[in-house]
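coordinates only, sequence not included:
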């Protein structure tokens, strides 16, 4: 069945360092991979997404890479800041309508 | 931030009661969803509607009944509430991308 594995479940980095979160997916037909950031008590918000015809996408300090052959994709945050502290979710599109989410990564930026 | 809205924001109720949560989107999307987020933060899809038709119905107790009066609205009615129903319920709508509502924090006592 559909499955998205996300690692690590918790990640703590020093302010200014980089953070990397990795996801693997099971459905080779998946073609859309969004990342969501959820701050405490708030809704998940889309921060970046990538489609399967692209290997990498960057938006300021965040980037996502996709390896379709290996069925994995990663979120990279550079020059981390305290406001980057949140729970991050990866997702993969299953079929036409369904996003399957990873288990989430709690990222803590230490000042 | 009113693209996807939900009411109420908080809901505290006794076991056995029936309650409803409402969701509305003004993005013109055809597809809407209900998710449950438990204390471990896992986002679990419950239902999806496309243009008022049910298209996804995950393994959810039949005490939960969604209803879509039109494609801009998707409501969730829960009968005979149980302690384990306590969670945050998120509505979402999707076109090319998916957007979440602010969530309804349900606490069953």
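Here it is on my side, so go on. Note that the coordinates shown come from a computational prediction; the quantities given were computed from them, not determined experimentally.

wait, a strand at residue A:83?
No - applying DSSP: H, G, I helix; E, B strand; the rest coil, one finds residue A:83 to be helix, outside a strand.

what lies in contact with the least confident helix or strand in chain A by mean pLDDT?
Least confident helix or strand, chain A: strand A:98-101 with a mean of 92, by mean pLDDT, DSSP states H and E. Residues from elsewhere that reach strand A:98-101 (Cβ atoms under 8 Å, 6 or more residues apart in numbering or on different chains): A:2-4, A:25, A:34, A:36, A:89-94, B:42-43, B:45, B:48, B:56, B:94, B:98. Every residue, glycine included, has its C-beta placed from N, CA and C.

same deal with stretch A:45-60?
Here stretch A:45-60 has contacts from A:30-38, A:62-68, A:73, A:75, A:88, B:97-100, using Cβ under 8 Å, 6+ apart.

among those residues, name the buried ones.
Neighbour counting with 16 or more other Cβ atoms under 10 Å in any protein chain shown marks A:30, A:32-38, A:62-66, A:73, A:75, A:88, B:98-100 as buried within the contacts of stretch A:45-60.

ok so, going back, buried sites along the helix or strand just after the least confident helix or strand of chain A?
Sequence-wise, the next helix or strand downstream of strand A:98-101 (DSSP states H and E) is strand A:105-110. Residues of strand A:105-110 classed as buried by neighbour count (16+ other Cβ under 10 Å): A:105, A:107, A:109.

look up which helix or strand the residue most central in space within chain B falls in, please.
The centroid of chain B falls nearest to residue B:34 when counting by Cα atoms, centre = their mean (3.6 Å). Assigned by DSSP H and E, residue B:34 falls within strand B:31-37.

so what's the nearest residue to residue A:10 once chain neighbours are set aside up against?
Spatial nearest neighbour of residue A:10, excluding adjacent residues (Cβ to Cβ, 6 or more residues apart in numbering or on different chains): residue A:106 at 4.8 Å. Contact analysis of residue A:106 by Cβ under 8 Å, 6+ apart lists A:9-11, A:86-87, B:41.

that older thread, taking the contacts of strand A:98-101 one by one, which sit in helices?
In helices, judged by DSSP state H, none of these are found.

hmm, which of those are the buried ones?
A:4, A:25, A:34, A:36, A:89-94, B:43, B:45, B:48, B:56, B:94, B:98.

what angle sits between the longest strand anywhere in chain A and strand B:31-37?
With DSSP state E setting the assignment, residue counts place strand A:86-94 as the longest strand in chain A. Relative orientation of strand A:86-94 versus strand B:31-37 (axes from the mean of the first three to the mean of the last three Cα atoms, to 10 degrees): 130 degrees.

where's residue A:17 relative to residue A:27, distance?
To residue A:27, residue A:17 is 33 Å away according to Cβ to Cβ, to the nearest Å.

meant to ask about residue B:34
From residue B:34 to residue A:27 the distance is 22 Å (Cβ to Cβ).

quick one: the strands in the chain?
No chain in the question, so chain A it is. Using DSSP E, strands in chain A cover A:4-7, A:10-14, A:19-25, A:32-38, A:45-51, A:56-59, A:62-67, A:72-77, A:86-94, A:98-101, A:105-110.

should've been chain B
With DSSP E as the criterion, chain B has strands at B:4-7, B:10-13, B:19-25, B:31-37, B:43-50, B:53-57, B:64-70, B:73-78, B:87-94, B:98-100, B:104-108.
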